[in-house]
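> I would like the atomic coordinates for the input below:
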Amino acid sequence: MTIHEAIGVKCCYIDAKTGERLSHSDIYGRAIEFLGGLDEVARFIPFPMETIREKLKSDPHLNNTDMSRWDWASGFVCDGIDCRPTGQGLWMLYRKHGITSASNSEGVSILKEAARRLAEREEVPA
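Numbers count the residues shown, from 1 in each chain. Coordinates of the predicted model:
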């Protein structure tokens with residue numbers, strides 16, 4: 001089963017039940033919940049939250065961080081366009097929840113969405 005099958009998303013970010021187009025955040029939020037929730041997925045975020053909060057100030061997509069660390073946490077080792085699964089990182093959650101097929105980009109998107117949500121959750125009101 002793929003992540004999109006598990007969370008009811010068809011190609012082009014379409015909800016399988018309603019036919020509505022979903023946002024990137026909605027899709028990967030569903031994936032986070034499917035994999036056990038924010039705290040479960042957050043265990044695999046490859047940077048301390050202090051770093052995440054600082055990096056989010058200049059890039060909401062966290063593309064200003066070391067990609068190889070996201071790849072590893074996603075369960076892949078990449079050399080250019082060649083990515084190989086390691087069975088580590090998010091694959092531990094995937095196996096637990098019946099996911100048998102996932103891409104590195106999906107895993108990185110799940111982790112970055114979890115990092116953004118965790119940073120938002122931890123914001124202290126002024």
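> I figured residue 69 was touching residue 48, is that so?
No: contact criterion CB atoms under 8 Å: residue 69 and residue 48 do not qualify, at 11.4 Å. C-betas here are computed from N, CA, C, even on glycine.
> Same drill for the two, tell me which one is more crowded.
Taking other CB atoms under 10 Å, residue 69 and residue 48 do not tie; residue 69 has more neighbours (14 against 9).
> Sticking with residue 89, tell me its helix or strand.
When elements are assigned from DSSP states H and E, residue 89 belongs to no helix and no strand.
> Could you find the closest non-adjacent residue to it?
Leaving out its chain neighbours, the residue that sits closest to residue 89 by CB to CB, 6 or more residues apart in numbering is residue 75, at 3.7 Å.
> wait, what's in contact with that neighbour?
85, 86, 87, 88, 89, 90, 91, 92, 94, 102, 104, 107 (CB atoms under 8 Å, 6 or more residues apart in numbering).
> So which of these are in strands?
Counting by DSSP state E, the part of the contacts of residue 75 found in strands is residue 85.
> Widest-spaced pair of the contacts of residue 75?
Spanning the widest gap among these are 92 and 104, at 15.4 Å by CB to CB.
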